[in-house]
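> build the 3D model from these lines:
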Amino acid sequence: MWLIEVGYLTGQQLPRGDVARWAPPVLLPPTAVLFCVAAGWVWWGSVVARTRSPLREPWIAASLVFVAIFSVFCGVASVNDPSFSVGILSAAVTGLVMIGLFFIPAACSCQLPDVIRRRATDSVEDLRP
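So this is what the prediction gives:
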């Protein structure tokens, strides 16, 4: 909801008749959700399969950075008097939402208990001399 409102307010600051007025409120929320959940899904698949972390892939990192920058920009641009505190608030909300969306695939997975048990036994074995 925050992204929709921020996108709407940002779009309203564009001149009337500008085609881009509809883009921030319509495109930003689904894009952010899609990129964050997709990155989380790919990461969770690598955790389950015990492969190299896909967060090192440039396209995943670039998509998450794009969503973060655009979201913070819209948050700052949507207020009448942008300030440093507005930027911090926008960055905090963006970060919390992106983290929540990123971990949805792991939280919904039926393999989560197995991965936790496996990680616990791996860490115990690492501690043994």
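
> by mean pLDDT, point me to the weakest helix or strand of this protein.
The helix or strand of the chain with the poorest confidence is helix 2-12; it has a mean of 70 (mean pLDDT, DSSP states H and E).

> after that one comes which helix or strand?
In the C-terminal direction, the helix or strand that comes right after helix 2-12 (DSSP states H and E) is helix 23-49.

> and for the helix or strand just after that following helix, what's in contact with it?
Tracing the chain C-terminally past helix 23-49 and defining elements by DSSP H and E, one meets helix 58-77 next. Residues from elsewhere that reach helix 58-77 (Cβ atoms under 8 Å, 6 or more residues apart in numbering): 3, 6-7, 10, 13, 24, 28, 31-32, 35-36, 38-39, 42-43, 54-55, 82, 86-87, 89-91, 93-95, 97-98. Quick note: C-beta positions are derived from backbone N, CA and C, even for glycine.

> so among those, which ones count as buried?
Neighbour-count burial (16 or more other Cβ atoms under 10 Å) is assigned, among the contacts of helix 58-77, to 3, 6-7, 10, 24, 28, 31-32, 35-36, 38-39, 42-43, 54, 86, 90-91, 93-94, 97-98.

> what's near enough to touch the most centrally placed residue in the chain?
For the chain, the residue lying nearest the average C-alpha position, counting by Cα atoms, centre = their mean, turns out to be residue 98 (2.8 Å). By Cβ under 8 Å, 6+ apart, the contact set of residue 98 is 32, 36, 64, 67-68, 71.
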